[in-house]
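Sequence first, then the predicted structure:
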Amino acid sequence: MTDYDVDIIEARRDMAALFRWTARERLHEGIANHFSMAVTADGQEFLMNPYGIHFSKIKAGDLLLLNARQEPNTTDVSQGMVDITAWGIHGAMHRNNPGARVILHLHSPYATAFSCLKDPHLPPIDQTSARFFNRLAFDSGFDGMGIGDEGERLSHLLGNQRTMVMGNHGIMTIAATPAIGWDLMYHIEVGCRNYMLASASGHPLSVMADDVAEKTAQQWEEYEAQAPHHLAAIRKILDEEEPDYALL
C-alpha cells in the first residue's frame, strides 16, 4: 500500500485489463494511445504503459512507474520504453492536476471523428449522449503531438469536467478510479457513435429538452456506483480467456 492507500498490484491489474479490453473493442490506435494512474497521495507518481507493446499484450507488470516532477529515466527513453508524447501529456496532466488520479487517452474511431467537427458539441439525442450534457471540456487549440508545451497547455483546460474532447485529436477521460475512467470512456465513444450515425442518416435529429437532458445526466451520476461492476465483468472474462494480463 502507498500513503494514498492504493493497492498497486490491483491497480496494475485493473489498468492492464483496460488495455486488453480497449483492444477487444478496437478503440485504440496502434500503439499510440496511453492510460495512466496516480498511485501516491500527491498525484505525482503514476503508472503508464510503455511504448511499443500492443494493448492486446500488455500485462500488469509491464506498466512503468514514473514521477511527473522528474524526467523519465534516460535508459527508458533511449530504449524507447517511454513515448515522449505520452510523457508530455500525462506527465503534465498529473503534475498540474493532482486530483486527476486516472487519465485515459484514446483516438477511438467515433469520438475522434466527432472531435474533428467544426462545432464538436454533443447534443443529447439518447440517454448515452445525455450523460455528457454540459459535462464536456473542449480543446480547440491543437498544436501538435504532445511534444513541448502541448501537454502543459492541455493540462490547464480541464476545469471541473471529467471528459475532454480534444479537437483534431481524440478523447480523454479523467477519474478517481480505473473503473469510472473506463465507464466514461466507453460511453463517450458510444454517445459519439450514436450521434455520428444518426447525423449520417440525413434526417432531423430529435434532441432532448435541456431539463430532460440534465435530469438524465444527473441520473447517470447517481448510477455511477455500477462502474466497478463494469470493470469486474471485464476482468472476469479476461481471467477466463486471457489470464496473463494479471501477471506481474
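It's in. Numbers count the residues shown, from 1 in each chain.

Across the sheet, point out what pairs with the spatially most central residue of the chain.
Nearest to the mean C-alpha position of the chain, by C-alpha atoms, centre = their mean, lies L104 at 2.0 Å. Under DSSP bridges, the beta-bridge partners of L104 are F35, T173.

Please report how far the closest residue to D244 other than its chain neighbours lies from R26.
Take D244 and drop its neighbours on the chain: the residue closest to it by C-beta to C-beta, 6 or more residues apart in numbering is K59, 6.0 Å away. To be clear about C-beta, it is placed using only N, CA and C from the backbone, and glycine gets the same treatment. Distance, K59 to R26, by C-beta to C-beta, to the nearest Å: 20 Å.

Next: A113.
Per C-beta to C-beta, A113 is found 14 Å from R26.

Among those two, which residue is more densely surrounded?
A113 (13 against 10; other C-beta atoms under 10 Å).

Around the closest residue in space to the more buried one that isn't next to it in sequence, count how many other residues there are.
Nearest non-adjacent residue to A113, counting by C-beta to C-beta, 6+ apart: M196, 6.0 Å away. Burial measure for M196: 15 neighbouring residues, criterion other C-beta under 10 Å.

same check, this time on F142
14.

From A225, how far out is the closest residue to it other than its chain neighbours?
The spatially closest residue to F142, leaving aside those adjacent along the chain, is N168, at 4.2 Å (C-beta to C-beta, 6+ apart). Distance from N168 to A225, counting by C-beta to C-beta: 35 Å.

More neighbours: those two, which one.
With neighbours defined as other C-beta under 10 Å, N168 and A225 compare such that N168 has more, 14 against 10.

Tell me who's in contact with that one.
115-116, 142 (C-beta atoms under 8 Å, 6 or more residues apart in numbering).
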